[in-house]
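Enquirer: missing the sequence, but the structure's below:
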């Protein structure tokens, strides 16, 4: 596998992982910030983000301890799995006409209802007071999305950590910039298109890493 392919793959995989998974966290945070309060949202996102970084570092180090041929097949397996998920999402949103906007609205409603129930509050127009328990719904969602992103990042980082980090950083900058402008901008790009692009990118590089593993097995290289 050439260095160019590895660099492009590491950058694109990291960029995709943060952009797709991070966009759901950003959308949910922006949609619920008035009801949950800025401090609850920030604590949940920051704590979940730190937990995701720790997960990435642990999984990445595990990847590095594996023989090269195992890394190829392990990376291909991770990419195939997430590719299938995004391609199923593409089918769901493009052909079954499911609404991503309705999905995020439902998730936001559930998060707010959990905190209102915990607080015993009646007036949903007033921000909920800050507390760690009230940050847990956002923290949990951030950890869930972050865990999925960290697996892809760890797989990409096993080949080129520098371009993996660059791809992740660029994606984060894009997300923060768009989120700072408007919630609606995050919803304008059709979700089916993002899922299709992500699915194709992951499938393509999954096939490349799988072929590299097969080639290594046939030639006896490790």
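Expert: Cool, got the structure. Please read all numbers here as calculations on a predicted model, not as lab measurements.

Enquirer: Please count neighbours and contacts with C-alpha atoms only from this point.
Expert: OK.

Enquirer: how far is the longest helix seen in the chain from where the chain is centred?
Expert: For the chain, the helix reaching the highest residue count under DSSP state H is reported as helix 3-36. Mean-position distance between helix 3-36 and its chain equals 5 Å (Cα atoms, centre = their mean, to the nearest Å).

Enquirer: Can you list the buried residues in that helix?
Expert: 6-7, 9-33, 35-36 (16 or more other Cα atoms under 10 Å).

Enquirer: now for it, which elements pack on it?
Expert: Packed against helix 3-36 by the contact rule (3 or more Cα pairs under 8 Å, 6 or more residues apart in numbering; DSSP states H and E) you find helix 38-65, helix 100-119, helix 132-157, helix 161-181, helix 183-188, helix 191-219.

Enquirer: what do you get if the cut-off is 10 Å, keeping everything else the same?
Expert: Counting contacts by 3 or more Cα pairs under 10 Å, 6 or more residues apart in numbering; DSSP states H and E, helix 3-36 packs against helix 38-65, helix 68-94, helix 100-119, helix 132-157, helix 161-181, helix 183-188, helix 191-219.

Enquirer: Show me what the lowest-mean-pLDDT helix or strand in the chain is packed up against.
Expert: Scoring the helices and strands of the chain by mean pLDDT, DSSP states H and E places helix 183-188 at the bottom, with a mean of 74. Applying 3+ Cα pairs under 10 Å, 6+ apart, one finds that helix 183-188 contacts helix 3-36, helix 100-119, helix 161-181.

Enquirer: got a list of contacts for that helix?
Expert: With contact meaning Cα atoms under 10 Å, 6 or more residues apart in numbering, helix 183-188 is reached by 23-24, 26-31, 100-101, 104, 175, 178-179.
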